[in-house]
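Got a sequence here, can you build the structure:
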Amino acid sequence: MKTRILTLLFVCITGMAHAQDKAKAEIKEFFWGKNDAYKNSNTIPDKWKNESAVVIYKNENYDFHKFGQNVTYISSVRKRIKLLDQAAVTEFSEFSFKDRFMSSKGNGWSFKKGTNVVGIKVVKPDGTEREINVNEEAVTADDEKKIAISSLEVGDIIDFYYHSTEPFKSKFQYGFEPVEQTLGDDYPIMNLKLTFKTENDFFVNFNTYNGAPELKQIPTEDSGERRYELVATDIAKNDFPRWFYPLAELPCYKFQVYFARSGKFEEMATAYLPAKEDIIKQTVSKEEILNYYETKFRPYGDIGDIKDFLKKKTFKSNAEKVREVYYMTRHAYYTRYIEAFIADDTKIINPYEVYAYYKNPVFLRSEQEFINHFMVFLKDQKLDYDIIVATPRVNGSIKDLLIENNASVMLRVNAEEPVYLQFFTPYTNADQVNFTIEDSDAYVLKVSKGKKVTDIETIKLPASSYKDNFTKEVVNVALAPDFTSMKINRESSLCGHNKDYEQGDKMYFFDYVYEDYNKYGTEQLLELVRNKKRKEQYTKEFNALKEKLKEKQKKEFEESVETEYGFGIDDHSLEITDTGRFGKAMPFTFKETFTIKDNLIKKAGGNYVFEIGKLIGEQIDLEDKEQNRTNNIYMSFPRSFEEEISMAIPEGYTVTGLDKLNKKVENAAGGFVSTATVEGNTLKVKAYKYYTKSYLPNSNWKDMVAFLDAAYQFTQEKVLLKKN
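Residues are numbered from 1 along each chain as shown. Predicted coordinates:
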């Protein structure tokens, strides 16, 4: 019996191996077989001979099909690249990939294994080919397979493909991740071909932008199958400079595929679906946006907690009431449960127990849930409001909105002044439009009688200024008597979008949830645990977790300062003095102390050279190739940074060389202004840098270069502590 079982097992394994080998052979034939039109393409145009590398052929493929409940998504890419310098040789001398993975797609817990297949060959200038035996030469490390390509030289061609098959089950509907990318890459591309295959029940949104060629339908014999192609040639390389949104300007394509088995699931789809599967949807009109959202937004939810909060409270205005209810809602339906989320995630308390400690817990998990719930309050209070639909500026214009994932929605309450409300994180503030969509065109869904979306129009969202988004640092420097180190005391204050970046980095849950408990009089999770033994156990484990996170936090703080300055520090400590979570204008503030050893101070005879300019932190050092720019300038938001540095001058010394610290460059793009003075025995240095706009045409680049260079040059300046 055992022999028979082993024989059957051997036959099964052998059959699987044979099937895998056959699949790999078919993939290889698809890319490198008799129909490969580029197998002998070895030359490149003279105009690109000074490039690092040139892509002779790039082939992308996407294939979506189903059989019963089984759905399969296949994606692949092949590149044939001529290597023209050592940098390109180094880049393509190693490949890494996973040959097996578990699919995360679909419905339920029926996960399936996906497979990746890689093929690599090297073509020498004389045309001889060497195919890499991936199975034999790959080495497994860190859950990945790595392949070193030996004997790769300048002038070689590397031809490789990467093929991924991901099967999963879906009984209902499923939205695939959108694909959005430019035609061009880091290297010029001679020939590009994209193929796209779908069948019934797969709905496609696909369009090209900024001069990219259109997707063309290719006839097929089966009426239920559809095939499309996009072909492009002579594609210049993209430099992708700093402060640039490629999808807003460069030739590109965007698509999303949505699977829905029937009309019922089409109606439930979170996508702007085409009317039929055989139609490629290229645009979404204002009217279609209205039709999509008019049934998704409606007052829904229990506002008992809000009504309890409003009892015996008076407000100066409706705007103030809306803001206060927003912050209370953020706690009641989110931060109140963060300890439970963490206890569940870290297995301190099992999920069946932890949420049972709350009476009817309600979490708001999405923009739609937040808006629908807040609509109940606004309707109850007879407050006029609209719903904003926007897309982040990185995606391009709202008129080109094609993929539902790219839409951001928020509320605008029309009180004494407009109050903008976005779905909350622990740090979001009322009145603040997310920096990704501010100063852009957006749609406004008009709400009738506080409950029904009835109309749509286009508006311009408000923009913040560099004065709204500021960081101010007050730095006190104390030199050691022997001049080998300095103690830094720094107080930082951040407002507007500048604090958005820092709050998530600087704060863990214990830095703000207890603030909310105290403000709203709610109980902590562990206070809800009545069983004494369990409470002691959970308290011990929670305290251990917090100590571990505080150690991690301390290390992150220190690394952040070292990155900011560009050199090591010691003895760092940080204290958050205001979380800045209850008002757009309320600053996020914290105090730091740390020591700088054996840096910034150098002995020069009986005197000392002090590199004081570096105390404003590292500044942008533009490379030569960045001096001239053809791309327009896109930044996250306007912003400003102010530094005030004070240092007691050591007794017996005077400071010289202050004139080099006085700089002033201001123009339409921004500015850098610095001053240095001695007041009594204190050296005082001030530096102020600001960016005026989130978008500027490339004609303003010279203005930016001017003040960026001034700021960088400031960091290179030194003063002399001269012995009297």
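
which other residues reach stretch 128-141?
Residues outside stretch 128-141 that contact it (Cβ atoms under 8 Å, 6 or more residues apart in numbering) are 118-124, 145-149. Quick note: C-beta positions are derived from backbone N, CA and C, even for glycine.

swap in stretch 521-541?
With Cβ under 8 Å, 6+ apart, stretch 521-541 has contacts from 331, 336, 339-340, 343, 348-349, 354, 357-358, 513-514, 516-517, 542.

What subset of the residues you listed is buried?
Buried subset of the contacts of stretch 521-541 (neighbour count, 16 or more other Cβ atoms under 10 Å): 331, 336, 339-340, 343, 348-349, 354, 357, 513, 516-517, 542.

among the residues you listed, which two are most distant?
Spatial extent of those (Cβ to Cβ) is set by the pair H331 and I348 at 21.7 Å.

returning to what we had before: out of the contacts of stretch 128-141, which end up buried?
Counted by 16+ other Cβ under 10 Å, the contacts of stretch 128-141 give 118-123, 145, 147, 149 as buried.

pLDDT for the residues you listed - can I get that in a markdown table?
Converted to a markdown table, the buried ones among the contacts of stretch 128-141 look like this (pLDDT from 0 to 100):
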| residue | pLDDT |
| --- | --- |
| V118 | 93 |
| G119 | 94 |
| I120 | 95 |
| K121 | 95 |
| V122 | 96 |
| V123 | 96 |
| K145 | 85 |
| I147 | 90 |
| I149 | 92 |
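
For these, which two are the farthest from each other?
V123 and K145 (22.9 Å).

where along the stretch 51-200 of the chain do the strands fall?
53-67, 70-83, 94-97, 100-102, 113-123, 129-131, 139-141, 144-148, 157-169, 173-175, 179-182, 189-199 (DSSP state E, counting those that start in this stretch).

buried set for the longest one?
What it means is strand 53-67. 53-66.

Going by contacts, tell me the helices and strands next to that strand.
When contacts are defined as 3 or more Cβ pairs under 8 Å, 6 or more residues apart in numbering; DSSP states H and E, strand 53-67 sits against strand 70-83, strand 189-199, strand 202-209, strand 252-260.

for the ones you listed, which one sits closest to K312?
When the helices and strands packed on strand 53-67 are compared (using Cβ to Cβ), the closest one is strand 252-260, at 49.5 Å.

what's the average pLDDT for the closest one?
Computed over strand 252-260, the mean pLDDT rounds to 93.

Export only the CA atoms of it, formatted as CSV.
Listed next in CSV are the C-alpha coordinates belonging to strand 252-260 (Å, rounded to 0.1, in the frame of the first residue of the first chain):
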residue,chain,number,x,y,z
CYS,A,252,0.9,58.1,-21.0
TYR,A,253,-1.9,55.6,-20.7
LYS,A,254,-4.2,54.7,-17.8
PHE,A,255,-6.5,51.7,-17.5
GLN,A,256,-8.5,49.7,-15.1
VAL,A,257,-10.3,46.4,-15.6
TYR,A,258,-13.4,45.5,-13.5
PHE,A,259,-14.9,42.1,-13.4
ALA,A,260,-18.7,41.8,-12.7
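
So which bits of the helix or strand just after it are buried?
Moving toward the C-terminus from strand 252-260, the next helix or strand (DSSP states H and E) is helix 263-267. If you call a residue buried by 16+ other Cβ under 10 Å, then helix 263-267 has these buried ones: 265-266.

what's next to helix 263-267, contact-wise?
So helix 263-267 is contacted by 172-173, 203, 260, 273 (Cβ under 8 Å, 6+ apart).

how does it look with 7 Å?
172-173, 260, 273 (Cβ atoms under 7 Å, 6 or more residues apart in numbering).

and what of stretch 383-391?
By Cβ under 7 Å, 6+ apart, stretch 383-391 touches 289, 293, 297, 318, 322, 371, 378, 398, 401, 406-415, 437, 440, 442-447, 453, 461.

re the thing from before, can you tell me which of the buried residues of strand 53-67 is nearest K684?
Using Cβ to Cβ, the buried residues of strand 53-67 come closest to K684 at A53, 52.3 Å.

If you drop the residues flanking it in sequence, what lies closest to that closest one?
A88 (3.9 Å; Cβ to Cβ, 6 or more residues apart in numbering).
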